[in-house]
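Colleague: Quick one: sequence plus predicted model below, questions after.
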Amino acid sequence: MKEQGKPARLVDAITEMREGEALALTKQMLDDGADPLTILDDCRAAMEIVGRRFELGEYFLPELVLAGEMLKQLSGLVKPRIQQTSETKKRGKVMMGTVKGDIHDLGKDIVVFMLDANGFEVHDLGVDVPAQTFVDKIREVKPDVAGLSGLLTVAADSMKQTIEAIRAAGLRDRVKIMIGGGVIDDHVRLYAGADAFGADAMAAVSLAKQWIEGK
Ligand code: B12
């Protein structure tokens with residue numbers, strides 16, 4: 001039988017909750033010169049499997065919590081290997097937050113990190129962010145782009161309410177809005193009234209570049 005490659009072993013270690021092995025494998029892959037972004041993709045694939053098992057009643061909250069903790073540690077190992085841009089002049093301002101009612105932040109944190117590494121000034125509002133906080137902070141910080149993250153189905157409604165609040169405050173034409181996370185897709189973009197949906201952290205970077213620099 002063919003030996004399983006390291007990426008598949010990493011996905012396996014995460015989904016089977018073998019924390020020590022997942023950490024050791026990640027370190028090994030990084031030392032072998034693996035692309036850090038690919039490792040993050042593998043982690044995300046593993047989280048999808050964990051999520052599916054939770055949905056099927058095979059895993060429970062403790063497994064979700066452990067998976068979340070593992071991902072935090074793994075991304076802590078991976079992030080320093082991602083090249084930061086050498087430009088000191090910031091490219092533009094991006095505000096990020098997980099919408100009201102949702103406390104998932106691992107994906108948002110990766111997006112924040114990638115935006116920062118690519119030279120944007122990032123303002124992270126955290127999780128469970130009320131629509132009014134987005135409005136207040138947009139007024140105060142004047143970001144070029146606002147990114148809304150959410151993983152729960154109900155996040156779609158929070159995104160819609162947030163964007164409506166931004167519109168009601170007269171700020172909608174001053175800020176481009178991107179959304180992303182878990183189940184978010186282009187249907188949600190239409191429903192919520194965002195400018196774009198991004199599937200991953202690099203999509204967030206491309207959108208911000210495109211909007212701010214016309215690239
Ligand atoms: C880990 C986890 C948790 C951890 C979160 C830890 C943390 N600090 O974030 C804990 C244990 C706290 C948790 C809690 C809950 N969870 Co949970 N959780 C997950 C799990 C397994 C992984 C999520 C994750 O981190 N993925 C990895 C990251 C890297 O991916 P990502 O977030 O999608 O982000 C990437 C992209 O989407 C994109 N992106 C993200 N944000 C943005 C924003 C923009 C602007 C752009 C462009 C891109 C972008 O870039 C990121 C990097 O590539 C998912 C399963 C899944 N399929 O996602 C369930 C899941 C999201 N959870 C779920 C549920 C039900 C819950 C709970 C309600 C459980 C409970 N009974 O209490 C609570 C919710 C509490 C709340 N109010 O929010 C469900 C949601 C179902 C639904 N559709 O509504 C899921 C889908 C599991 C399932 N299949 O049932 N959870």
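Modeller: Received, thanks. In this text, all values refer to a predicted model and were calculated from it rather than measured experimentally. Residues are numbered from 1 along each chain as shown.
Colleague: packing partners for the top helix by length along the chain?
Modeller: The longest helix of the chain (DSSP state H) is helix 36-55. With contacts taken as 3 or more Cβ pairs under 8 Å, 6 or more residues apart in numbering; DSSP states H and E, helix 36-55 sits against helix 6-15, helix 19-31, helix 61-78, helix 106-117. Any C-beta I mention is one placed from the backbone N, CA and C, and that applies to glycine too.
Colleague: quick one: average confidence on the shortest one?
Modeller: Right, the one you point to is helix 6-15. For helix 6-15, mean pLDDT is 93.
Colleague: got a list of contacts for that helix?
Modeller: Residues from elsewhere that reach helix 6-15 (Cβ atoms under 8 Å, 6 or more residues apart in numbering): 4, 18-19, 21-22, 25-26, 28-29, 32, 34, 38-39, 42-43, 45-47, 49-50, 53, 67, 70-71, 74.
Colleague: where does the chain have low pLDDT?
Modeller: 1-3, 84-89, 215 (pLDDT under 70).
Colleague: and the helices and strands packed on helix 36-55, which is most packed in?
Modeller: helix 106-117 (a mean of 22; mean count of other Cβ atoms under 10 Å).
Colleague: Please list the residues outside it that contact it.
Modeller: 40, 44, 47, 68, 71-72, 75, 79, 82-85, 94, 96-98, 122, 124, 127, 147, 149, 151, 180-182, 201-202, 204-205, 208.
Colleague: please redo it, this time with the cut-off set to 7 Å
Modeller: The contact list for helix 106-117 (Cβ atoms under 7 Å, 6 or more residues apart in numbering) reads 40, 68, 71-72, 75, 79, 82, 84-85, 94, 96, 98, 122, 124, 147, 149, 181, 201-202, 204-205, 208.
Colleague: Say whether the ligand is contacted by that helix.
Modeller: Yes - contact between helix 106-117 and the ligand, assessed by Cβ under 6 Å from any ligand atom, occurs at 106-108, 110-111.
Colleague: Show me what the helix or strand harbouring Ile179 is packed against.
Modeller: Under the criterion of DSSP states H and E, Ile179 resides in strand 176-180. With contacts taken as 3 or more Cβ pairs under 7 Å, 6 or more residues apart in numbering; DSSP states H and E, strand 176-180 sits against strand 145-149, helix 186-192, strand 196-197, helix 201-213.
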